[in-house]
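S.K.: Coordinates only, no sequence provided:
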C-alpha cells in the first residue's frame, strides 16, 4: 500500500542520512498508521502545507502498546528525495493517510516517479502531435469521457492528457483545470499529481 505522511523535510532528510533509517510514530488511538503499515509498503513524505518531496519503502515494522499509547516502529530502505517535488490534492487533514485503503478512497493514489514540469509535458505533447486539437475539440472529448461510463481509474490517463491540452489552449493553470474536474467525481479524486509549470 501507499501512505501519504506529513513530515518536515529537514527531519526526513536527517532520517534518510542514517545508516539504518527508521521512523517511530505514536498514536493515542488505534488509527493509521497503527495496524495499517506492512513490510514492503511505500511511504510518501509531504511537507506540512507543501509538496510531496520524497519516499521510502518499509523494510520492517513493529507495533507496541505502552503507557496508553500505540507505537509503530518502521525501518526504512530505498529512501529517495525527489529532484522535482510534486503537489497533491490532500483530501484528509490527518498527518497519516493510507491512500489505497477503501476508507480513504477519496485520497488519490500517488505516482512513484519525480514529476516533470508542465513545460516539459507540453513540449513532449507538441513533439508527438502534428497538430494540437482546438479548445472546443478538447472540451468535447472531455465531456465524452466523463459522460460515457467513466471507468476509474482506467480513463484517468486520457483525462490527464486532455487537462494538459486544455491548459495549453486556454492558458488557465493546470491545477485550476484539474480542480474543476474534481467536481465531476464526487466519489473519487483525480489520481495524479498536479504538475506545475516553472515560475
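M.R.: Everything's here; your move. Note that the coordinates shown come from a computational prediction; the quantities given were computed from them, not determined experimentally. Residues are numbered from 1 along each chain as shown.
S.K.: Domain boundaries for the chain, per the record?
M.R.: 2-104, 118-182 (automatic domain parsing).
S.K.: weakest of those in terms of mean pLDDT?
M.R.: Averaging pLDDT over each of those singles out domain 118-182 as the lowest, with a mean of 71.
S.K.: sorry, back to before: rebuild the domains of the chain as JSON lines, extending it with mean neighbour count.
M.R.: Using the backbone N, CA and C atoms, a C-beta is placed for each residue, glycine as well. Listed next are the domains of the chain as JSON lines, based on neighbours: other C-beta atoms under 10 Å:
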{"stretch": "domain 2-104", "mean neighbour count": "16"}
{"stretch": "domain 118-182", "mean neighbour count": "15"}
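S.K.: And the helices in this protein, which stretches?
M.R.: Assigned by DSSP state H, the chain shows helices spanning 9-16, 118-128, 135-147, 156-170, 174-182.
S.K.: what's the closest of the ones you listed to residue 53?
M.R.: helix 9-16 (5.6 Å; C-beta to C-beta).
S.K.: Could you check how far residue 122 is from residue 169?
M.R.: 11 Å (C-beta to C-beta, to the nearest Å).
S.K.: Parallel or antiparallel, list what pairs with the lengthiest strand in the chain.
M.R.: What stands out as the longest strand in the chain, according to DSSP state E, is strand 69-86. Strand 69-86 has its sheet partners listed here by DSSP bridges as strand 22-27 (antiparallel), strand 52-66 (antiparallel).
S.K.: Kindly reformat the ones you listed as a markdown table containing distance to residue 177.
M.R.: Below are those laid out as a markdown table (distance: least, C-beta to C-beta, whole Å):
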| stretch | distance to residue 177 |
| --- | --- |
| strand 22-27 | 36 |
| strand 52-66 | 20 |
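S.K.: Residue 9: which of these is closest?
M.R.: strand 52-66 (5.6 Å).
S.K.: contacts for that closest one?
M.R.: If you take C-beta atoms under 8 Å, 6 or more residues apart in numbering as the criterion, strand 52-66 is touched by 4, 9, 12-13, 16, 21, 34-35, 37-47, 70-82, 85-88, 110, 112, 193.
S.K.: For residue 71, give the beta-bridge partners.
M.R.: Assessed by DSSP bridges, residue 71 has beta-bridge partners residue 26, residue 64.
S.K.: residues contacting it?
M.R.: 24, 25, 26, 63, 64, 65.
S.K.: Quick check: the gap between it and residue 4.
M.R.: Counting by C-beta to C-beta - residue 71 and residue 4 are separated by 20 Å.
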